[in-house]
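Colleague: Pasting a predicted model and its sequence here:
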Amino acid sequence: MTSELPLLTVERARIRVVELPLLAPFTTSFGTQTVRRAVLVELEGDGAAGIGECAAGIEPAYSSETAAGAVEVLREYILPAVLGKPAADPRGQARRWAWVRGHNMAKAAAEMALLDQAGHAAGISLKAMLGGVKDRIECGVSIGIQASLGATLETVEGFLEQGYRRIKLKCKPGYDVTLARAVRERFPETPVMLDANSAYTLQDVAALRALDEFGLMMIEQPLAHDDLLDHAALQGQIRTPICLDESIESLTDLRAAIALRSGQILNLKAGRVGGLLPSIDLQATAAAAGWPVWCGGMLETGIGRAANLAVASLPGFTLPGDTSASDRYFERDVITEPFRLASDGTMAVPQGPGLGVDVDRERLEQITVHQENVGRS
Ligand code: OSB
Ligand code: MG
């Protein structure tokens, strides 16, 4: 955190669950998603309000966290740790729930709301609070497994026409080499990568080595979420750089991955590592080790997307991320000004106070499926 942030109290806290239908189903090696269910945290105190979005999905498939679990942990432990307590800056507030083991995505949602509140109180952007250095972010797009190779190629073409600078394709055992070959033949120059979401084991090394000939930028999370040793063994046998996603839930994980050479690139998602403030340390540590970093995504609404763009403006983030425009996901986002991709494939980092987005209250009410006040409020 570069700037001094105001000491604030949290006087009121609310948890809200929203469901925003996706424009198209999103299929990975672990399942298909048709809706983004997001837990939102709304905070108020000292005349300033903040909102944060939780990355957790409906099922514990990508991570052990779920939206329903996040609601419980926020209600019972995380929000009571700060509600009505003496004023503190966001880092000080976050320390109050550090005793809670795990639940990084729930913590990150509360932290995002605190930072938004502090930004509103101080009149500074999240980008400035985090120490961001860029005003525009290069954007890639993450494409789910489609019904056919033909449909995949058409989808890729559509996104390239919009300007996206990097294509990420979800893959799984048996749907990898044919996919990479077809995309390479049709788009020989396009930066392309695959994301396996932990679908392989070391038994699959032949198929993974066969991917080497396609000049992929990287393969994301080929092996189990907790297997840094096998990732290191695999990286020793393939040329394609391994990018870690699910494996890295803390700075400790990242330091181990660097020491073991379990990969070469980091997909950084603030939710996965417990917040935006911890993300500052991870991107600096990755940069010091020569690991490029890029900002991942969890199909966030415009609220979480604003935070992703802010963190992606930090100096360690040197590759295009999964920071796609609102219209890649939703018919109508939950913010008044949806995020739009410029024809050069970049998106602007919000400059206004806090997250720098205005929530579309009418849309928010429309998509709310549950809400509750926390504590006495
Ligand atoms: O593995 O990066 C992933 C979405 C949900 C869960 C996990 C992942 C993803 C994506 C989509 O790849 C990224 C995005 O566009 O938000
Ligand atoms: Mg991934």
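Modeller: Happy to help now that I have it. Ligands and ions are numbered 1, 2, ... in the order given.
Colleague: Give me the distance between the two termini of stretch 87-104.
Modeller: The first residue of stretch 87-104 is 23 Å away from its last residue (CA to CA, to the nearest Å).
Colleague: Now do that stretch: everything it contacts.
Modeller: Contacts with stretch 87-104, where a contact means CB atoms under 8 Å, 6 or more residues apart in numbering, come from 1, 4-10, 46, 64-65, 69-70, 73, 77-78, 81-82, 85, 107, 110-111, 114-115, 117-118, 249-250, 271-275, 277. Where C-beta positions appear, they are placed from N, C-alpha and C, glycine not excepted.
Colleague: nearest residue to Leu194 other than its sequence neighbours?
Modeller: Distances taken as CB to CB, 6 or more residues apart in numbering put Cys171 closest to Leu194, at 4.5 Å, once the chain neighbours are dropped.
Colleague: Next, the contact list for the one you found, please.
Modeller: Contact criterion CB under 8 Å, 6+ apart gives Ser29, Ile145, Leu179, Ala180, Leu194, Asp195, Ala196, Ala199 as the residues in contact with Cys171.
Colleague: I'd like to know which of those is nearest to ligand 2.
Modeller: Asp195 (4.5 Å; CB to the ion).
Colleague: What pLDDT does the model give the closest one?
Modeller: Reported pLDDT at Asp195 in the predicted model: 98.
Colleague: wait, what's in contact with the closest residue to it other than its chain neighbours?
Modeller: The spatially closest residue to Asp195, leaving aside those adjacent along the chain, is Glu220, at 3.9 Å (CB to CB, 6+ apart). With contact taken as CB under 8 Å, 6+ apart, Glu220 is in contact with Lys168, Met193, Leu194, Asp195, Ala196, Asn197, Ile242, Cys243, Leu244, Asp245, Asn267.
Colleague: Please convert those to TSV, extending it with secondary structure, neighbour count and distance to Val133.
Modeller: Supplementary listing: the contacts of Glu220 in TSV, determined by DSSP: H, G, I helix; E, B strand; the rest coil; neighbours: other CB atoms under 10 Å; distance: CB to CB, whole Å:
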residue	secondary structure	neighbour count	distance to Val133
Lys168	strand	27	24
Met193	strand	25	24
Leu194	strand	27	30
Asp195	strand	26	27
Ala196	coil	23	32
Asn197	coil	20	31
Ile242	strand	23	27
Cys243	strand	28	22
Leu244	strand	26	24
Asp245	coil	23	24
Asn267	strand	26	20
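Colleague: Could you say which helix or strand holds Ala307?
Modeller: helix 302-311 (DSSP states H and E).
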